Every structure is written in structure tokens, then in C-alpha cells.
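Colleague: A predicted structure for the sequence below; I have some questions about it.
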Amino acid sequence: MSYWDTSALLKLYVAESDSAAFNSMAATTLKMVSAFIGKHEARTAFRRREAEGVLAAGGGDACYQKLVQDVAAGRIELVVESSALEHEFGNIINQCLSQSPPVFVRTNDALHLAAARLAGEAEFYSADRNQRAAAAFLGFIVLPAVYPIPP
């Protein structure tokens, strides 16, 4: 298993320049783990891509339904909101922001990092530069190792 942030999961459902690389990485993973918020972030991103014209009309809902199916089929496991997640979220915020200089982390990024820790994952897939930096600081193996992925 490995942890997949929303930025990485999106590439499995929306054709982007590096989607093939992320699909190859996903194919070697038995199960992907993400946070409960990932589903909601993805739904928003799918709809935004549709509004931008990247996806055809109805494409956002179609991508979201594929994601929901993958969750239902057990391909993607979602870490649910819990007191343990809230506690780990607080630990991550404190750990990142008490550094000098601080490791800045956004709310949803910290929730994803907390979910990855709670799930016991060592590998953290992300396409988000700031989140990748926070994940590396926290000791995760950040994948892909180089991002953006060279052509």
C-alpha cells in the first residue's frame, strides 16, 4: 500500500501530461490509501477542470463516479475522520510550524500527511510542490522521486 494525495490521484482520472507515469506507478500498487477529504477535493477539481474546458460537459461527474467506484471496490482506501486523525493533524502542524524556518503546510495537506501517518504508510505520492516538501521533512519517501516528471 501507499498513500496518494489528491494531486496524484487526479492524474489517474484526468488526462494530463504526466498521467501515464502516475498510472504506471498505480498499476504496481496493490491498494492506494488517501484521506476522506481526498474524495471531496477530487470532486471539486474534476468539476473545476470541466468548467475550464479541460473535461467535456459531464466529464467531472464521470471522473468522480470512477473514483467512487474505485473506493467501493477497495482499490482506494480512505482514512476516515477520527480523534486519532485530529491528534496526528495537530502533531504535524506543530512539528512543521515550530521549525526555523517553518515548514509551511496548508490545512488539507496536513490532514493528508496525518492520514498517511495514521495508516502507517512510508510512501507518499504527490504532485504538489509544497506538500512534497512537508512530506519529505516528515520522513516520508516522496514519490515520484523527481517532480515534475521529466519528458
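Modeller: It's in. Residues are numbered from 1 along each chain as shown.
Colleague: next SSE after the biggest helix by length in the chain?
Modeller: What stands out as the longest helix in the chain, according to DSSP state H, is helix 36-52. Where DSSP states H and E defines the elements, the next helix or strand beyond helix 36-52 is helix 59-72.
Colleague: picking up where we left off before, what angle do the longest helix of the chain and helix 59-72 make?
Modeller: 160 degrees (axes from the mean of the first three to the mean of the last three CA atoms, to 10 degrees).
Colleague: what mean pLDDT does helix 36-52 have?
Modeller: What helix 36-52 shows for mean pLDDT is 98.
Colleague: which residues are contacting that helix?
Modeller: By CB atoms under 8 Å, 6 or more residues apart in numbering, the residues outside helix 36-52 that reach it are 4-6, 9-10, 13-14, 55-61, 63-64, 67-68, 71, 78-81, 108, 111-112, 115. Quick note: C-beta positions are derived from backbone N, CA and C, even for glycine.
Colleague: can you report phi and psi for Asp5?
Modeller: phi -70, psi 160 (degrees, to the nearest 10).
Colleague: follow-up on the earlier one: please check the contacts of helix 36-52 and keep the buried ones.
Modeller: Buried positions within the contacts of helix 36-52, assessed by neighbour count (16 or more other CB atoms under 10 Å), are 4-6, 9-10, 13-14, 55, 59-60, 63-64, 67, 71, 78-79, 108, 111-112, 115.
Colleague: residue boundaries of the helices in the protein?
Modeller: 6-9, 19-27, 36-52, 59-72, 83-97, 107-118, 129-137.
Colleague: deepest in the core, which of these is it.
Modeller: A comparison of the helices of the chain by mean neighbour count, using mean count of other CB atoms under 10 Å, puts helix 6-9 on top with a mean of 24.
Colleague: wait, which of the helices of the chain is closest to Pro151?
Modeller: Of all those, it is helix 19-27 that lies closest to Pro151, at 10.1 Å by CB to CB.
Colleague: now the angle from the closest one to helix 59-72?
Modeller: 20 degrees.
Colleague: and Ile141, how far from Glu16?
Modeller: 23 Å (CB to CB, to the nearest Å).
Colleague: for Ala45, same thing?
Modeller: With CB to CB as the criterion, Ala45 and Glu16 are 11 Å apart.
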